[in-house]
Structures are given as C-alpha cells and as structure tokens.
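Enquirer: coords below, sequence missing:
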C-alpha cells in the first residue's frame, strides 16, 4: 500500500510538471498510469486495480472534476453579479423606457433594469449548487457493473474522497450521466441569460438607442468604417449560447439510445461538459469587465420617454376615482387615439378634451405625465420605485 501511494505521488508530480510520457501501448489513461506505476514499483502495481473497473473509476473521476468545477463557476457568477449590482447602485435615479414586445411600455429605473439580469444568474447559481448533491454520489466500488467481491468499505471511501454518500445500485451508478446532462442544462440556461443581456446591450449601444456607450477596451473598431464601435464581446457571448444548446442536445441524444449499464458511447460525455465549463469560465469574467465599464447616457434615456408611456397611469388615475380598471383602460385608450389623431402628446390634450372622455378627470390629471412619479408609484415588492429597488439591493446583500 505504501509503495503504491509513493509511486502514485510520483506519477501525479510527473503529470503536474508535464513530464509524464505516454507510449503507444497505453490503451487509455488508466492503463497508462498502471504501466508507469509498474515501471516505478514493480509488480505490486498490479494490485492498483483491485476491487474496481475502469467503468466505476471514470465515473468517479468525472464526478470529482465536477465537484471542483462548480465552485469555480460559482465564483465567476458572483463576480458578474457584483458588476450588475455596482451598475445598479451607480444608476441612482436615472430613468429609462421599459419595453415589452420591443415597444416602449412604461418608464422604469435603470437600476431596476440592471438588477433584472442579476436574478436569472442567481437562479443559475442555485441550479448549479443544487446539482452538487446529485454529483456527490460515489460510484467507486461498483466494479464494471455488478459490484465487487472485495470487502471495500464504500462509505469510508466516499468520505475520504469528499463524496456525500456511496451509490446504492452498481448497475445504475456506472452508467448514470444525469449529472453531466444537468450540468449542460445549467450551462445552457446561463448561456441563454447571458445572450439576453448581450442582445439588450447590443441594442442599447446602437446609435438608434444610444442608451449606453461601451468602453474601447471591450469593443472593436470596424476594419472598414472608422466611426464604428462594434460590441464584439456581447455578440460572441450571444453566439456561444447556440453552441451550448448544441452541446446539451448532443449529449441527450447520446444518452437516449443507451440500453444497459456502461457503454462506450459514454465517452461522448466529457468533451461537451469540459467545453461548456471552459466557455462559461471564459465568458463570465469578460462580460463582468464589459458591464463594469459601460457608461449610461441618462439624457438619451429620458428623451426616449414620452407621455404615451404613462397611458397606464392615466387609467390608474381614474381607478383612484373609483372607476373599474377595465373601463378606465378603454378611456385611456380613447385619449391615446385622440392625441395621435391630433398629433400631440397626451399631456397636450386640453382638460375639456379629457372631461369629454370622462367627467372624473380634473386639473391634476397632468401630474400623471411625470415619468418619475409613475416610477415612484410602483412601490410594491419587486416594483421599480426607488424604495423598492433599494429593498431589492438589501435583499441581495442580505442586509
């Protein structure tokens, strides 16, 4: 046992320093290690394989790798979330148009918009960390498929390797790659969330919107047109979401066709998982850096808000007078149509015109068209008011 441990420590150091030499007769990593161990300590190395198979070994190694990868990813998530929180705090009272269907809808705080991208990442983190309990199940000691005749204390083995428990069914444990598919789903959902953030930033940095300006460090000039500042970082991130979806569907298709315990098809499990982890570990820090250096353009955002975006507030004004919302919605709709026909804003319609639509309108109706007042009214939990957003940040920070 001692000589095997010492020999394996030498092999580990050779791998770490890049000095390990493979030879053509090495069938795979397992036989390569055993062959090198035999060179170092002799025939005792043959005992290395006692009570285990390459099937349960590789499943164990894969799970060990994932148990290390998830905390590393979690740290990268938190750094991006911190960048979003910093931007939200920096935004203060800046208001912007909120959109549905990519149509101007209602005014919101820029800080609220930034934080709308925090919460999907929080769900991504929760999913990954919840996955840990399903990864932390030890397959080693399952043998090729039927278990081992050697009296291995699998509970002690699980504890020594940092697993929560030993697997309860040898047939299942050598073939279970649910954790790999689930990891790819987590990565894919993250890719989709990052793509959504990227798409919005690509839009908002365009000349047509002009809400944000990218730092030169995180954008690229056109090879032809001197005036352009291309949002390459965000476009590449958007593109990677498609690649991640492909990795997930590819592995699911592989798993779908498997009949029994371990099948060689399962060699297709690691490449997409490793690639997905590498992709996220490359993307997340760069997006965090890019988000940190974005400059908001408050005047452009404010100028994109017009009185028509307070049409819902106009309906709410009448609700406060005791009129049912369904009725007030129709009245506000008529006001919008009338202003449109006259080619004026809602705030430019006369009081007589409003009172013709509904006698409940009074002179104070024009206060409705102050976008900041519209924002401040939305004070319920999760709303866009200053106080609600402050509470949101306190919730995030656990204060």
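Expert: Nice, I can see it. Values in this document were obtained by computation on a predicted structure and should not be read as measured data. Numbers count the residues shown, from 1 in each chain.
Enquirer: And the helices in the stretch 201-350 of the chain?
Expert: Listed in chain order, the helices found in the stretch 201-350 of the chain under DSSP state H, counting those that start in this stretch are 232-256, 270-292, 298-303, 311-319, 325-342.
Enquirer: What helices and strands are in contact with the third one?
Expert: Spelled out, it's helix 298-303. Applying 3 or more CB pairs under 8 Å, 6 or more residues apart in numbering; DSSP states H and E, we find helix 298-303 packed against strand 95-100. (Each C-beta comes from the backbone N, C-alpha and C, glycine too.)
Enquirer: what bits of the protein have low per-residue confidence?
Expert: Applying pLDDT under 70 to the chain flags the ranges 221-228.
Enquirer: Where do the strands of the protein begin and end?
Expert: Remark: strands of the chain, listed N- to C-terminal, are 95-100, 103-109, 137-138, 165-166, 212-213, 220-221, 229-230, 295-296; assignment by DSSP state E.
Enquirer: Indicate which one of those is closest to residue 381.
Expert: Closest of the strands of the chain to residue 381 is strand 103-109, at 15.0 Å (criterion: CB to CB).
Enquirer: relative to strand 95-100, how tilted is that closest one?
Expert: On the basis of axes from the mean of the first three to the mean of the last three CA atoms, to 10 degrees, strand 103-109 is oriented at 140 degrees to strand 95-100.
Enquirer: Buried ones in strand 103-109, by neighbour count?
Expert: With burial defined by 16 or more other CB atoms under 10 Å, the residues of strand 103-109 counted as buried are 106-109.
Enquirer: ok so, going back, arrange the helices of the stretch 201-350 of the chain in JSON lines, one row each, with mean neighbour count and distance to residue 213 as further columns.
Expert: JSON lines is the format used below for the helices of the stretch 201-350 of the chain (neighbours: other CB atoms under 10 Å; distance: least, CB to CB, whole Å):
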{"stretch": "helix 232-256", "mean neighbour count": "18", "distance to residue 213": "13"}
{"stretch": "helix 270-292", "mean neighbour count": "19", "distance to residue 213": "12"}
{"stretch": "helix 298-303", "mean neighbour count": "15", "distance to residue 213": "10"}
{"stretch": "helix 311-319", "mean neighbour count": "20", "distance to residue 213": "30"}
{"stretch": "helix 325-342", "mean neighbour count": "15", "distance to residue 213": "33"}
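Enquirer: Relative to residue 141, which of the ones you listed is closest?
Expert: Of those, nearest to residue 141 by CB to CB is helix 270-292, at 21.4 Å.
Enquirer: Can you tell me which helices and strands the closest one packs against?
Expert: helix 54-91, helix 178-204, helix 232-256.
Enquirer: Return the angle between stretch directions for it and helix 178-204.
Expert: Here the directions of helix 270-292 and helix 178-204 differ by 30 degrees (the same axes, to 10 degrees).
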